[in-house]
Structure formats: structure tokens, C-alpha cells
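Colleague: Structure for the following, please:
(chains A and B)
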Amino acid sequence: MKRLLLIIICCCCTALTGCNKLLDINSSHAVSEENFWNSHQDTRTALIGVYGLLRAALADNNAWWMYGEFRKGDFYAIQRQDMKALIRNDLRAAYPLLEQLSNWRRFYAVINAANMFLENVGNVRIRDPKYSEENMRVDIAQMRCIRAYVYFFLVSVWGDVPLITASHDGQFTLKARESKETVLAFVEKELLQAAADLPYKYSANDPQQSGSYYNETNTRWSGVLARKHTAYAILAHVAAWQGKYVDASVYGQFVLDNYSKGGSYYIGTDELVNSNGFFKWKKDNHILGFNFDWGHVDASFSGHLEELTLAAPVVNKALPDIYVPKDTILSLFNLPVDERFSLDTLTGVPTSQRYFTNFNSQIPIFSKIKVIQDGNVADPSFRIYSSTIIITRLENIALLQAEALAVIGQQQRAIDLLNTIRDLRRIKRYDSAREGDLIDAIFRERRKELMGEGWRWFDLIRYNKIKQNDPAFMSLINSGGIFWPVSDDVMKQNPLITQNPYWQ
Amino acid sequence: MRVLVRIIVSCLAVYCPNLLAGQDTAKLYRRQVNVTRADSIPMERENAYPYSSLHQLLKGNAAGVYIQEPTGEQGAFSSIALRGTAIPFISSKDIYESQPTVILDGIPLIMDHPFSFDIQLFGYNRLGPATNIFSAIDLNNIEKVEVVKDFGRAAMYGPRAANGGVILLTTKAPVIGRRKISFNTYFGMVQRPHIHTTNAKFENDFRQRFYDKYATTEQLQTYPLYLRDSTNNAYYGPSNWTDHYFKNTPVYGVNASLSSGTERANFMFAAGNQRSANTADNSKMDRYNAMFEINMVPLHGFTVSSMISASRLERSRSSWLRDRFAEMQYMPDLSSPLPPNKQYYGQYLNEFNKSFDDNKTNEINGYFKMNVKLGDSWQITSMFGFDYNEGLRDLFYPSTLLEKVNYLSNYFGYNQRVFFNNTISYNHTWKQKHHLTVEAGENFQADYHRYNYAYAYKGPNDLIRVNLLHSDNTKSEYLSPKSFNHALIFSFLDKQRARLLSFYGRAAYSYDDLLDVSLLFRADGSSSAQPDNWWLYTPTFTGGVNIKNIWLKDQEQVNTLRLQASWGRIGRLMPDDRFGEGPQYTSDMSFSNNPVRFSYNGFPGISRAYSSGYIGYGITWPYAEQLNINVSSALFNNKLQVSLDLYNKVDHNMLLGVPFGAEYGYNFRYKNGMDVRNRGIDLGVKVNILPASSAVQWVPGITFNYNRNTLLALPDGLSELTIANGTKLLRVGHAIDQYWVLENDGIYNRDTDIPVNPTEGRRLNYKGIPLQAGDPRWKDQNGDYIIDDKDKVLKGHVLPVLSGGFNSDFYWRGFTLGCSFYYTLGRKVMNAEVADRFDFINREGKIDMSAVKEITFWSKAGDYDKYPLYNPWSTVDAYRIDQDMFLENGSFLKLRNLSLQYDLTTAKWWNKKGKVNGLSVYATASNLFTITPYTGGDPELVDFNGFDTGYSLPLSRTYTIGLKMDL
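Modeller: Okay, the predicted model is just below:
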């Protein structure tokens, strides 16, 4: 009888091979390795994945503004303890927000996805004849550009960071932090090489990208992807961050000479602040931006400055999380007829308040950016937003160029650029006798023009590096206090990562 | 006197199988035969109680079965832990994965799959009706409930038994040779509790102490508006919201069954309806059941049997603001909470009642079975069966509830299981002594889970409550929404398939009811495993000795004494089909507050699964091994029945997400290699204390489980690992269900009290933040003058170390008085509700879940005076949850049920020859009292983390009277 059992078991075992067919089913929510990197649809999906991951990284906890705008910035938190700690640069305070922000994982996800793309795109070229050499070249250039930008952002937030340029998929090795200089050298090299291959526009018969890109029209790609002047704009920021203002002026000049090829132009104040203006949707004029396409069900509750700054009467919310105190507004917007905000000095009534709503209440609402729903209706009832995260725009580059020129001693060209922006906002041209130092004037203009766009903190650092007249801030720069602490979670999973000394 | 046979439902059935359920091995080859049921266990008593789920029936009635009900709400999800857990509970998903399979007449019931949590921002409840599927079972139709924990038997069910075993339900068999009609009906009330309510004055006084002591001028200015104005009657008026919130509510149940037939063909039909309700928040559930079962013997030796059962559950759910906002994934301005005054609360309820929230669950299952006996020895059985359940939820919230934004959502999801079993067995006895059974079988099971879910904001008005689409397919607008804005409609669809194919061979030999041995060998193939690792081969051995018959034949005091041992290995299924794919790509573009982003710029985008974890090649099957030794005995003329189990269950090679690769973008990586041991004792004792001749009979019984959980190994040979976003620690050698907390040691009243590191001159700090007066005095365990995670200690257990029940029944002349107690010991509860209350500073002026205040905010549970007055503004987060100040002893003893039955057929005046065969009346009372050192609410009602968040409806006191009749 035991033999019978054995026979039965043997029969079962032989039957198994035939049964494997029953077990072979694909997951419906994950794509396996063999089903990917086969066609140009896969490269588009992966390419979009990289941009989407970067948008997620910048939108998560409104990170773009948390890193760049609020630290020692112009905004004041009313009740939120975590925001208060962030604003006073108390970044180790025990709040979940700060712990999450000190984790760089999401940015490395973008880098890994870009690395995966660069390693696998060659397979698609082999497997799919429809995927052209040109298409691949442009895709590769975009991935290198985005990866370089992410490294630049990582360095400006954390200082030294691990430099990983391959996916190491499956054979992950722990990496220690690399010096900022090494990383930024890589960034600069990558951006320059990528810029060579990037077009000014997509699906617009640019010499670098002929025909319709992924069979979509020009409007579909407006301002969505990295372009040639995007790479140069980032290069200008990278060089300025390092204090290499000669380089910065070269890169900045490239953008200022060529922006019209990419469809950029200087925007008027109304276009800047209208709810259906500059911050709405995607535009060629966004030199680098990440949109939330209303029409494609992409609007969201978080990932927009509006979530923090808006309140009644602009949206249904009793008080904003943060606001710019009156004193700051008054001391900053002290020039008459400034279209962004100005006060009649005699009556005390605002003559224009495009940046602020309810100035006369105790808590003015910063309403420069307010793309509520699709931005076409002034409906305060639903706090869903579709404003684009703007990384940089032409006015930013113009002022950056003015800064670079001022530092390297080309005063007049700097003043001209500064005045370009001041003309745009209808304020008097720069007068050194009345307003004093040109650098101060340029940074003040940046502070006003880019308020709420995620640059204040980085501007403060550059300003202090140039001026070196604030000992407290200089000690912050010298001791590494300008960088974020690294999350405990990151250090636990990789023992090679050490904490920034300032936060130890 | 069928009521007289009071048997502790499952425990003794399992432990004394020889006494109550026939011989264990005999069961296996007879298990397919429905016609003769010698091993029935009446559930008469339990049918008297108004249980709304199988879980409630099991509670305290079976050793080693711990039921965790997070709320007293009818039909809400609750979980079972059989002999502890091998899965560390990190998220709600893990609870689903740790549930034992319930098998109804051979149908392994399919449960909801937790994959819907992937698109949920908040994991409080699963999408859809989130109804406990096991509420759909009408316990009136169940003849026997068995909890099979011994792998010697459970291994027959393969990977379905990996979570500690299986729970077998057997429906009542049709009667033969006569007609039987049975009725059981009851009616009752749930009683409104009395709680200590508070108003804004109380809250103001509570907070004022902190403001007086610590607040700066600036902090004083941001005092919440609703507490500021003491003339505001809404907040400062009488706190009588409970008049609207708690109601005495009727409950009822009715079940009827009809059964008839002959040896050759018989049937049973049963139908029932039950209304169960909670006193709080107008929550209730209706259940409708129908069941039909037939057996036919068209030819001699050929039996065909079939069963089909259908149920419907309709549930009115509790109306927590939290759940509403979690469903909407959107929150209004939270600066003014619901007012405690009845008048104002009533206004809110008026608006709330304009919403609808229909939760329906339909379940249908059945089987078709053929059994052929070829001669005396051979038998072939084929069984085809299915289980299908679907959940529907239609939801509408009017715009008046939320700042002019109305909300609509529709969910339809189903779980479907089809299975096919074939077995052939050979059975022979030689010389009346040598008994051999050989069996071979095949089992194929295919699961399919799917859901469609869509939600929309801001419809045009509150009258249009359905998202209608244009239906004319000739027009371009075909399928576009008619009235809702398409940019505010979010739709989802997901599906998950899993297949399990198994083969097994089993041989059992027994010698003259003295010795028995058996061997089971099985091969299981799972589609969720990776292709090079589809199959897992596992053995199971059992052996038994009948000590009574071999050595103690002359001992009259010993009626039975058996020793049974088993060792077995069972594979554990991977919880998600993603594991089978190896390295993979998925959509991962979501961010905070927006859990579901699949596209950018209107194009789908995919990448590696950074957030949900890297899955590499080489993932292998996890499996469980268990050694079980059972001693069962009946002593003193069967007056004392004892069953004792010692078990050692080790789950090997378990998958765990190991935090890893942040520099490659990953949150964690799934790795095999976690080993968890659960070791313990199950004990069931039943005593017939008084002599048989006595008019009064007293039968107490106790079930008891002692379980020790130990983590034996972590992947990669790690000795410890922080999981769950740094809130939990797994440390080898410790249990996986421990709290990880800082130890409180009072408060620093003055800056000078704070120790200073003598070598560096630096003051004691919390992760770099120097401590100040008003901060907690946490124990610096490692003495490095830094309070951080290294100073946290593992304390207490979420699951009880000791748990069980105590039943006692008195019988006297047809009267039966029964009571059942339920107890746990060695369990801690984190009083999160109190922690939240003290952490009020971080819970104001925000629009997120932590700032949501329910109507129950206006009640007091707990002793607020026992906590030190820390500085709530401190950046060390003085009232953080991970400190042992809030960790309390959660042991309890409850009188769950009390019942009195009278069997009228035992009365002298009863006409025994009448048409009525059985008639009894009964009264029950449930949830009568709790004895516990816990200072908060009900220590039983906590979430899977052991946190008492206050988000639970009470286990209401319920009184019923009922009637059972057999014709």
C-alpha cells in the first residue's frame, strides 16, 4: 500500500509541470521586467514617470517652498508649531513634517528612475524601429538634465550628498556622501552636454527635434519638458550658487539671448497674479515648471503654495497657515505705484494690492498665487488647486543675471536688467543715490518679484555670501547650518551617511 | 433535553475529539459524508445570544483564539489571532494578511483583499462597505464550530491554514425520516449608556493650566476661538449632545428552517433575518439569509450533495467626522468643532441626515459534491464550490455639510473564489485491528478580487446625487458626465488574481485504537510566487497513543487518556500578486495628501515601485512549522474533561519590508528571512461538579491560552529593525507586538534640574534640542546625555499573553442559567485618546486629521490628574505618544453574557405527544460589566496597534427575550 502512495505522489509530481500554466498569471498592477522597455510607449511612460516623480518630490509636504521659501523668510506661521520651527530654522524639532522633509528619498527616486531610463533606453532603440535615434537622443538629454537639476537641488538643500549615476538595480551598494564640489562639477558637465541635444520646443520642428514628439502636438508639451534654455537657466543658478558669477553671467546671457526661441517673454503684473495667468496650467514661458493639469484630473489639495497662504475671503478657511506680516510688506514694498503692492503714503490705502488680499485686516492674505480649481472661477468654496510649481522663470533669470553682472563689476548692464524688471512692475528706475547699493537693490527686487516662489532662502544665502556683513548668518553658512539635517530613517538604513555637523 | 448538553463550543471539540467529535483520524475519511453526522455539537445556547458576527461567537469560547474588535459597531471589521501572530502589524493591510481561513462545509471563504488601501490616503477603514464578511453567516444554521489549530489536521488545508489553523463551520444536516420545522426568534433592546460629558468650560479650565504656566504673549493670542467666548451657548451651554447620540434601540432576530427527507434524499431550507444595533450614533445592521441544502443517493454508494447559501447585509455606519473626511480625502476648516449642546448638534445632524450612505454586502456560496463508494474500501469524492461576495457603497454628502462642496462616491467590489477538489481514498481494516487509510487529492482554487470606485466633488446642487453619464453613443459627449465636472471625478479600478493548485497524499495507520500514525505530503503551487519558485513541498506527521487503553485499562477513574503529537509544515501565501513579478514597474507619482497620482501632463507614468518597496528575484515561500502535543482526558466518570495542548509554532522565511536604499529612491526592500515563534499552551477544562443524581447540575468550563511571541531572526541577519515609519522596533529575542517607548520619570521643573554632560558641558537634549523646564524627564537609558531612539525601550504587548473565557451553567428542572466571562491578562493599551487631548497645542489651527474633533471630544474618559503638566509648546513634543506615561495595563474581565432558558417540554403539564417537539423560552443580557485597571474607555476596543484612539462605539448592553420551537 505504501507503494500505491508513492505511485500517487509520483503521478502528482509529473502532473505538476503541466499545471504550471495555471499558475502563470501576470499582475494587473505591476509591469514585469520583460514586459517593459520594449516600445516607444514604454519610453514615454518612463520619461513621464521621471517628471512625475520629481513633481511628487517637490509637492510632497509642499517641499519646494519648505526648502526654499520659509526658512528665515518673509512668512510668519500663525498656529502651526512645525511651521514655526521651520521658519526659525529649528529643523530638528520633533515634528513629523520636519522629519519627512529631512528625508531625501523622493529625490533619489527621480535620480534612480532617470538612471534606469538611461541604462535601458538602448534596448528600446533595438526593439522598436519606431523609436528613432533622434527621439532617443532628446530623451536621454532630458533625463540627464533632470537628473542634474535634482543633484543641484539636493546639494543646495543638504550640502554633501551621495553621487549615484547608475541604477545598480538588484546590486545596490551603500554610498557615502560626496563633496558638494564633486557633485556640482558633475551637474555642470551633464547640463552642458544635455543642453547640446535639447530643443527649444517640442513638436515644433526644432532642429534638434523634428516632427511631433511622441505623436503629440506642440501645445501638449508646452513648457512641460526640459529644453535647451532650461538647461542653461539651471546652469546659471548652479554657477551663482557656487559664487562662480563669471560662469553664471555666461549661462544667464545664453538664456536672455535665446528665450524667445523657446516662447518665453517678460510677463506683466496682471498676468503674473491672475488666477488664470502665469501660474495656471503649462506654458512655453515656464522655463522649468511642473504642472497639475486640471483638464486631466490632476488638480490637487497639496503641492501648492495656496494650501498654506490662502484663507477667507479667497477660499473658505478661517485663517491661513502662514502670512507676510504687515510690517514686512510695508518695509519691502515701499516704492509708489508698484503694481505688485503699494500704499498711498498719505491716505494709507493700498493703491494696488495684487500680491495681497485684505491688507487692512490683521492678517493679510498672500494671494499672488491663487489658481483655485481651474483658475477661471473665483469660487472660494473648494480648496483644490492647479497652479504649476514654477522652478524658474525669465524674470528670475534676468535678476540673477543682474546679480552676476553686478558682482563681476558690470554695473550698467546689471542696472539695465534690474530696470527691465522694474519697468515691468511700473516702479521707478534704479537710482543709486537714493537706493544705495546695487546688490541690495537687486536682492530686494528678487525678494518682491519672487515672493512665494521658493527662492527666498537660497537668495539669502547668496546675498550673505556676497555681502558677508551678517555675522550670525555667516556662522550659519560656515558651520553648515544652512543645510538640512539628514533624516534618522536615512541614516539608519545606510550607516555610511553621517549627520550634518551643525545638526549633530 | 438537548439544551442540557452544554458544550464549550469549539475548544473541547478540538481537544477532546475522541469524546465529542469522534476519532480524529476517522473524521478525515468521513469528512465528505454529509448524511451521517455522528459528531454534532449543538449550538443551542450560543444561538440565544444576539451575536452579529462569527467573531463574537468565538470570543472567549475557544482557547487560543483572540478576537480583536476595534469597535462595538455592528458588522465592522474585526480580526482574529489564532495562537498569537507571526506578522508584525505595520499597517491595516497586515491584519488582513494574518487572518485564519474560515471554511464553511468545505468552502474556504474568501475575504476582502486589502489592496484598496493602495489608493486610500487614510487607512482607518477599507474602501467600500468594509463590512465583516463573517457577519453574513447565520449562526442558527451552524451545527458545529471547530477551531483547528493542530497542523496534524490543519495541514489538510495547506497554505490556507498558515495563520494558526483554520476555523471549520459545519451547517446543520437535514433530518431523515421525518419532517422538522424549527423557529428561533428574539427581540431585545440595546441600552443607552451614561457618560461624563463636558463643555467648553471644562476644556477651557483644562487648557488654562497650561497657558498659565507656560504661554508667551504670542501664544496667548492664538487661543482657539471656540473656547474664547464664554457667552457662546453652543460651546459653553449645557453639554447634552448624548441625547441625540445615544438611543435605546430595538434589536431582533428570526430564523426558521424546514427539513425533511429519507435515507435516499433529504433537504433543509433555512431563512433568517437579524437586526443588530448599537446604542450610539444610530448605527445598525440588517442581515437576511437563505440557505438550501440537499443530499441524494440516486444509486447505492453514490451520493450527491449540494448546498447554496445567500446572505445580504445592510449596514448603517457610524458617522465619525474622521471617516467622512477620510472617505472624501478632503477636510473643511476645522477651527470650530461640533458644539456639545444638543440644539446646535441637532442642527448639524439635520444636515447630516440629508446625506446617504448605503452599505450593502451580498454573499453567495455553495458547493456540489459527488461521492462514489467502490466496494468497502475505495471512495472517490469530487467537489466543486464557489464563494462570491460583493460590497456596494453609495455615498452622498450634501454641500451644507462641507463648505458648499458636496461629495458623491460609488464603490462596487467583489471577491470571487472557485475551487475544485478531487480525492480518492482507500480504507481497509485487517483482522479488526490494523486500520489503514490512504488518500490522494488534488485541489485547485482560483481567486479574483476586483473593485470599481469613483468619487466626485462639487456637483451642481444637492438634488443631483448620481453621477449620470451621457448615454447616446452616437454623440461625441458619450460617456462624459452630465452634471459633474469631469476634472473633479476620480475613478479607479483594480483587480488581483491568485491561484493555488495543490496535490497531496496521505497515509494513516492505526492499531486497534491503541496507536496511530499518519503522514501527509503535499505540493502547493501559488501564482503569487515567483516562477522559479512556484511549488512548495511540505510534510506533516502525526502520532497518537491511547494511554488509557494501553496502560490504564484498570483505572476506573480514568475514562479516557490520549496523547497525540503532530509536527507539520505549511506554506504561507504571498499577500499580493506583485511578489510573483520580481523587479517591476508601477505608478509611483503620489505625494502627501494625494495618494493617487498615475499621470503627469495627462500621460501615464511608471517607474520602479519606490514607495511600495523593491521586490527582487529570489523571493521564496514563507512557511510555518508547528509541533503540537495534545493530552486529552476524561476523568471521574467523564465528570472532568481536560484537554491540554502545548505548541511551538515557528514561522520561517517570512517576508518583511526592510528599510533600505533611500539613495536609490526606495522606502524598503522585501526580503525573506524573518522567523517568528509563537509558543504556548491551550487549555480547555469542563467539569460536571454535582453528582448525576442531583436535581441541580452545575457545569463550569474554562478556556485558557498562554502565548509567548518571540522574534527569532530578521532578514540579512539583522538584530533589530525599525519599521512603521520609525514607530516600531523589531528586536530579535523580543516579541513582535511590543510598544517602543521612552520611559517617563516625571518633569523638569527648573532648568537647573536638567543634567549636563560633564565631559562636553552640553545639557541633556532630545535629538539635538536642549531640554528645558517644563519638558518631560525621560530616562536616558544609555547615559549619553542625548534622548533619542536608543533610549526607547520595548514594553508590554499589544496581544494578550493570557486570554480566554470562563463559562458556567446551572441546570435545574428545565431551567438553564448560563453566564460567560471573557478575560485577558498581560496586555497593554496605549491611551492615545488622552495623549491627543494633552497634545492640544499641536492639534489646533491645522487642516489635517490630527485637528479633527468628534462630538465625543465633549466627554471625559480617563483620569487627567495623573499626568504631569508638561509644556505643550515644547519642540520635543512633550505629549508624544511614544512614552510609557500613556501605556496602561489593558487586562480585563468581562461578563459578556448571561442567559436564562426554560425548556417547556420538561414541564409536567407538557403534552409529550403533541405536535410541538421542542419549545423553550430564553432571556439574555450581554456586555454587563467590565473589571479593568485601565483608566480610559473600554480596554477591549483598540486598534491593531493597541491604541485606544477613542474611535469606537461601545459594546452596548443588550437585553433580549426569545423563543425557540421545533415542530
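
Colleague: So residue B:185, which state does it fall into?
Modeller: What DSSP: H, G, I helix; E, B strand; the rest coil gives for residue B:185 is strand.

Colleague: Return the residues in contact with it.
Modeller: Neighbour list for residue B:185: B:252-255, B:962-963 [criterion: Cβ atoms under 8 Å, 6 or more residues apart in numbering or on different chains]. For the C-beta atoms, the positions are set from N, CA and C on the backbone; glycine is no exception.

Colleague: and if we set it to 7 Å?
Modeller: With Cβ atoms under 7 Å, 6 or more residues apart in numbering or on different chains as the criterion, the residues that contact residue B:185 are B:253-254, B:962-963.

Colleague: That one pairs with what?
Modeller: Under DSSP bridges, the beta-bridge partners of residue B:185 are residue B:254, residue B:963.

Colleague: Quick check: which element contains the most centrally placed residue in chain A?
Modeller: Relative to the mean C-alpha position of chain A, the nearest C-alpha, by Cα atoms, centre = their mean, is the one of residue A:391, at 4.3 Å. If you go by DSSP states H and E, residue A:391 is part of strand A:389-392.

Colleague: for chain B, what are the nearby residues on the stretch 351-500 of chain A?
Modeller: If contacts are counted using Cβ under 7 Å from any Cβ of the partner chain, the residues of the stretch 351-500 of chain A sitting beside chain B are A:374, A:381-382, A:488-490, A:492-494.

Colleague: Now which of those would you call buried?
Modeller: Among these, those classed as buried by neighbour count (16 or more other Cβ atoms under 10 Å in any protein chain shown) are A:374, A:381-382, A:488-490, A:492-494.

Colleague: hang on, the earlier thing: which two of the residues of the stretch 351-500 of chain A next to chain B have the greatest separation?
Modeller: For those, the farthest-apart pair by Cβ to Cβ is A:381 and A:494; their separation is 46.0 Å.

Colleague: so what pLDDT did residue B:257 get?
Modeller: With respect to pLDDT, residue B:257 has a value of 94.

Colleague: Now for residue 370: which residues touch it?
Modeller: The chain I'm using is chain A. Residues in contact with residue A:370, defined by Cβ under 7 Å, 6+ apart, are A:275, A:306, A:310, A:314.

Colleague: try again with chain B
Modeller: Counting by Cβ under 7 Å, 6+ apart, residue B:370 makes contact with B:304, B:382.

Colleague: hang on, it is in a strand, isn't it?
Modeller: Yes. Going by three-state DSSP, the assignment for residue B:370 places it inside a strand.

Colleague: how far away is it from residue B:621?
Modeller: For residue B:370, the distance to residue B:621 (Cβ to Cβ, to the nearest Å) stands at 33 Å.

Colleague: What is the burial count for residue 141?
Modeller: All of this refers to chain A. Taking other Cβ atoms under 10 Å in any protein chain shown as the neighbour definition, residue A:141 ends up with a count of 25.

Colleague: not quite, I wanted chain B
Modeller: Residues contacting residue B:141 under the criterion other Cβ under 10 Å number 24.

Colleague: Am I right that it is in contact with residue B:268?
Modeller: No. Using Cβ atoms under 7 Å, residue B:141 makes no contact with residue B:268, being 8.3 Å away.

Colleague: where do the contact lists of these two overlap?
Modeller: Counting by Cβ under 7 Å, 6+ apart, the contacts common to residue B:141 and residue B:268 are B:172, B:257.

Colleague: now residue A:211, what's its secondary structure?
Modeller: The three-state assignment at residue A:211 reads coil, by three-state DSSP.

Colleague: residues near it, how many?
Modeller: Counted with other Cβ under 10 Å, residues neighbouring residue A:211 total 12.

Colleague: do the same with residue A:498
Modeller: Other residues lying near residue A:498 total 12 when counted by other Cβ under 10 Å.

Colleague: same thing with residue A:166?
Modeller: Around residue A:166 sit 12 other residues, with neighbours defined as other Cβ under 10 Å.

Colleague: So the closest residue to it other than its chain neighbours, which state does it fall into?
Modeller: Distances taken as Cβ to Cβ, 6 or more residues apart in numbering or on different chains put residue A:115 closest to residue A:166, at 5.6 Å, once the chain neighbours are dropped. Three-state secondary structure (criterion: three-state DSSP) places residue A:115 in helix.

Colleague: show me what contacts residue A:115?
Modeller: Residue A:115 makes contact with A:165-167, according to Cβ under 7 Å, 6+ apart.

Colleague: Show me which of the contacts of residue B:185 are buried.
Modeller: Among the contacts of residue B:185, those classed as buried by 16+ other Cβ under 10 Å are B:253-254, B:962.

Colleague: Would you format the residues you listed as JSON lines with pLDDT included?
Modeller: JSON lines is the format used below for these (pLDDT from 0 to 100):
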{"residue": "B:253", "pLDDT": "94"}
{"residue": "B:254", "pLDDT": "94"}
{"residue": "B:962", "pLDDT": "94"}
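
Colleague: hmm, stretch B:525-541 in reach of chain A?
Modeller: Yes. Stretch B:525-541 lies within reach of chain A by Cβ under 7 Å from any Cβ, at B:525-527, B:531, B:534-535.

Colleague: Flag every buried residue along that stretch.
Modeller: Quick answer for stretch B:525-541 (16+ other Cβ under 10 Å): B:525-530, B:533-536, B:538, B:540-541.

Colleague: on that earlier part again, just checking, which of the residues of stretch B:525-541 next to chain A belong to strands?
Modeller: When DSSP state E is applied, those are split such that B:525-526, B:535 fall in strands.

Colleague: can you tell me which of those residues lies nearest to residue B:445?
Modeller: The closest of those to residue B:445 turns out to be residue B:526 (Cβ to Cβ; 9.8 Å).

Colleague: residue contacts, that closest one?
Modeller: The contact partners of residue B:526, taken as Cβ under 7 Å, 6+ apart, are A:23, B:159, B:500, B:534, B:573-574.
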